[in-house]
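Peer 1: Pasting the sequence and the predicted coordinates here, then a few questions.
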Amino acid sequence: MTKTSMTEPALHRADAQAYAREAETLIHARGNYAHVHVRPSGNHLVVELEHGERREPVARLTYLGERRFGLSFHRHIGRWEPIPFSGPLETATSELVQMLGPYLEPLDFPLDISGTGH
């Protein structure tokens, strides 16, 4: 058995893709978030911001079984910080936008320019 199968229910690929599309649609419906994308990754749905040709992770929804998801925030050091929440996908995306809305806003500056001339 893999670690994932012992700790989390398996999310089948077709279900993961369908959940990712649904999550993206739900997020887009909650504001100016056309630049936000959701992709499946194992038992997770990774919420990413599009910046030109790059995508940066902001949050992830973890499948907990029985159509329920947990929520985590992507820290600048590359780690995932769990948020105390679990619920259905519609509620999870609502909580994500409510709690992390400022992190989902489009950037009005390029990511690769530091302003220092270096």
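Peer 2: Nice, I can see it.
Peer 1: ok, the residue most central in space within the chain to Leu89 distance?
Peer 2: The geometric centre of the chain, computed from its C-alpha atoms, lies nearest to Val47 (C-alpha atoms, centre = their mean), at 2.3 Å. Look at Val47 and Leu89: by C-beta to C-beta, to the nearest Å, they are 12 Å apart. Backbone N, C-alpha and C define where each C-beta goes, glycine included.
Peer 1: how deep is Ala92 tucked in, by neighbour count?
Peer 2: The number of residues packed near Ala92 is 24, by other C-beta atoms under 10 Å.
Peer 1: Next secondary structure after the helix or strand of the chain with the lowest mean pLDDT?
Peer 2: The weakest-scoring helix or strand in the chain, judged by mean pLDDT, DSSP states H and E, is helix 3-7 (a mean of 50). Heading C-terminal from helix 3-7, the first helix or strand you meet, by DSSP states H and E, is helix 13-28.
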